[in-house]
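> Using only what follows, build the 3D model:
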Amino acid sequence: QILQHNIMKYAVGILLAAAFVGAAVGVTDPCADAVLDKESGNYKNPESGVGLLGPWHCMSYYECTYDPKSQTAKATKKDCWVLLPLRQYDPISRECQWFWKAHCRASNPSPPTPAPTSSPAPTTTAPTTAASTTPAPTTAATTTPTTPKA
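I've put the predicted structure just below:
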């Protein structure tokens, strides 16, 4: 019976350790969206709204700085609150809001789709008619010769 008790303690300890490691491994890269969007900006804490401490994680976010050369982003964790935990990060507005206004469980917004570029309209020139170089016919006044009367 003592052996079963000890085995049970070890089993519970291993399960707790596995749960802790699994929770740590389950956290995704906070700047994965910044790499996909290829832009720097503020991004939701991946732990926000998840589990018992989810609302607490809503009070922080990540400022991601995207590097186009290496195509990676550097994450810097930021907090929304100073003294009182009344502000949470809102992924929709990408800024800290009062907890009653924040949409903590919302996803990071998709990057704006670029406006379609319209190709310039083809320019066609109207056909021109060349001015005629032949002079227009002129009518000269004709005089009839007169003979003097004697």
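> Now for the chain, the helix or strand with the poorest mean pLDDT.
helix 2-25 (a mean of 50; mean pLDDT, DSSP states H and E).
> ok, residues contacting the helix or strand following it?
Remark: after helix 2-25, the chain's next helix or strand is helix 32-37, criterion DSSP states H and E. For helix 32-37, the surrounding residues in contact (Cβ atoms under 8 Å, 6 or more residues apart in numbering) are Ser40, Gly41, Tyr43, Cys64, Thr65, Tyr66, Gln71, Thr72, Ala73, Asn108, Pro111. In short, each C-beta sits where N, CA and C put it, glycine included.
> now with 7 Å?
Here helix 32-37 makes contact (Cβ atoms under 7 Å, 6 or more residues apart in numbering) with Ser40, Gly41, Tyr43, Cys64, Tyr66, Gln71, Thr72, Ala73, Asn108, Pro111.
> Hmm, Ser107 and the third one touching each other?
Looking back up the chat, that one is Tyr43. No: counting by Cβ atoms under 7 Å, Tyr43 stays clear of Ser107, with 10.3 Å between them.
> residues in contact with Asn108?
With Cβ under 7 Å, 6+ apart, Asn108 has these contacts: Asp33, Tyr43, Lys44, Pro91.
> switch the cut-off to 10 Å
30, 32-34, 36-37, 41-44, 46, 61, 91-92, 94 (Cβ atoms under 10 Å, 6 or more residues apart in numbering).
> ditto for Lys78
Contacts for Lys78 (Cβ under 10 Å, 6+ apart) come out as Asn42, Asn45, Met59, Ser60, Tyr61, Tyr62, Glu63, Tyr89, Cys96.
> and of those, the nearest to His103?
Closest to His103 out of the contacts of Lys78 is Tyr89 (9.6 Å), distances taken as Cβ to Cβ.
> so which helix or strand takes in the closest one?
Applying DSSP H and E as the criterion places Tyr89 in strand 87-90.
> Quick check: mean pLDDT of whatever helix or strand comes next after that strand?
Downstream of strand 87-90, the next assigned helix or strand under DSSP H and E is strand 95-98. Here strand 95-98 scores 92 as its mean pLDDT.
> what lines up beside strand 95-98 in the sheet?
If you go by DSSP bridges, strand 95-98 pairs up with strand 87-90 (antiparallel).
> Output the strand it pairs with in CSV with nothing but the alpha carbons.
Listed next in CSV are the C-alpha coordinates belonging to strand 87-90 (Å, rounded to 0.1, in the frame of the first residue of the first chain):
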residue,chain,number,x,y,z
ARG,A,87,-6.9,48.4,-18.9
GLN,A,88,-6.6,45.6,-21.4
TYR,A,89,-5.1,45.3,-24.9
ASP,A,90,-7.7,45.4,-27.7
